[in-house]
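Chemist: sequence and predicted structure, then a few things I'm wondering about:
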Amino acid sequence: MTAATTLEFAESMERLVEGKATVAEVRRFGAGGSSDDAILFYREMVRRQRRGILDGFFAAARLACKRAQGGRWERLAERYIREHPPRAWNPNAWAVELPLHAARLAPDLAADETALLDYACVRYRAMHASHGPVPRLDADVFVRLYPCDVTPYSERAEVGEAPPPPARRATPLLVTRSRTTGRMVVYRAAAATLLALEEALLGGVGGASDPRVEDERARLVELGVLPAALPATERHGS
């Protein structure tokens, strides 16, 4: 088999996995003495591996969908596997893109299920983002207002428990990786928290802040959400 034929065989196998080629098309370039069943088994094995990645990454959302029945998780996961195959080596980087397509692939998802999908993704993105001299919204610091209490539900679902549905209450969260410990920070945000974060995003403010905002800023520094001091050029906007 020449290098060109080997490449064509690999491409035909990829199309087979994606449901875009038949076994007969694959045989044009190789497959040796493998039976049709063996070739189709490979396709099924890859599909199951990809499904396992999604089931694990979105364990909380999957559980919520399954409890509601209606087959929403199955439709969402299987359509994503068919229509958005991985294009890079990192399986989690592939999984984290699923919520971008969820509204189209499964328009009947409930608000709680959508929130749980997003919560899984922002934690992954936060833990893999690099920190600059100042925080960057939706790059290394994420602020969300969820319609349910996603954190305790996700924690339990992700270790294999079957908790009751997440409490239905507006839940403002700040999610990031600590600048000091490197650990995940999930912080329930108050209005003063958001004001302290806004000041940091703008490079600091002149004059004295509200004491509640100063208290929150100190707390965010302690948690490693904010740097202890902004660079002088950033703080003065020069």
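Modeler: Cool, got the structure.
Chemist: what's the neighbour count on the nearest residue in space to residue 118 that is not next to it in sequence?
Modeler: Excluding its sequence neighbours, the residue lying closest to residue 118 (CB to CB, 6 or more residues apart in numbering) is residue 99, at 5.5 Å. For glycine as for every other residue, the C-beta is placed from the backbone atoms N, C-alpha and C. Neighbour count for residue 99, taken as other CB atoms under 10 Å: 21.
Chemist: okay, buried residues for the helix or strand hosting residue 99 please.
Modeler: Assigned by DSSP states H and E, residue 99 belongs to helix 98-105. Buried residues in helix 98-105, defined by neighbour count with 16 or more other CB atoms under 10 Å: 98-99, 102, 105.
Chemist: quick check, nearest of those to residue 219?
Modeler: residue 99 (29.4 Å; CB to CB).
Chemist: right, and the closest one touches residue 115 too?
Modeler: No - with contact defined as CB atoms under 8 Å, residue 99 does not reach residue 115; the gap is 10.0 Å.
Chemist: specify the local secondary structure of residue 167.
Modeler: With DSSP: H, G, I helix; E, B strand; the rest coil as the basis, the three-state label of residue 167 is coil.
Chemist: distance of the closest residue to it other than its chain neighbours from residue 219?
Modeler: Nearest non-adjacent residue to residue 167, counting by CB to CB, 6+ apart: residue 149, 4.3 Å away. From residue 149 over to residue 219 the distance is 21 Å, taken as CB to CB, to the nearest Å.
Chemist: also residue 45?
Modeler: Going from residue 45 to residue 219 by CB to CB gives 49 Å.
Chemist: these two - which one has more neighbours?
Modeler: Neighbour count, other CB under 10 Å: between residue 45 and residue 219, residue 219 has more, with 15 against 11.
Chemist: is it correct that residue 148 is in contact with residue 163?
Modeler: No - counting by CB under 8 Å, residue 163 is not a contact partner of residue 148; they are 11.9 Å apart.
Chemist: quick one: which of these two has more around it?
Modeler: More crowded of residue 148 and residue 163, by other CB under 10 Å: residue 148, with 21 against 14.
Chemist: OK, contacts around that one?
Modeler: For residue 148, the contact set (CB atoms under 8 Å, 6 or more residues apart in numbering) comprises 111-112, 115, 165-169, 171.
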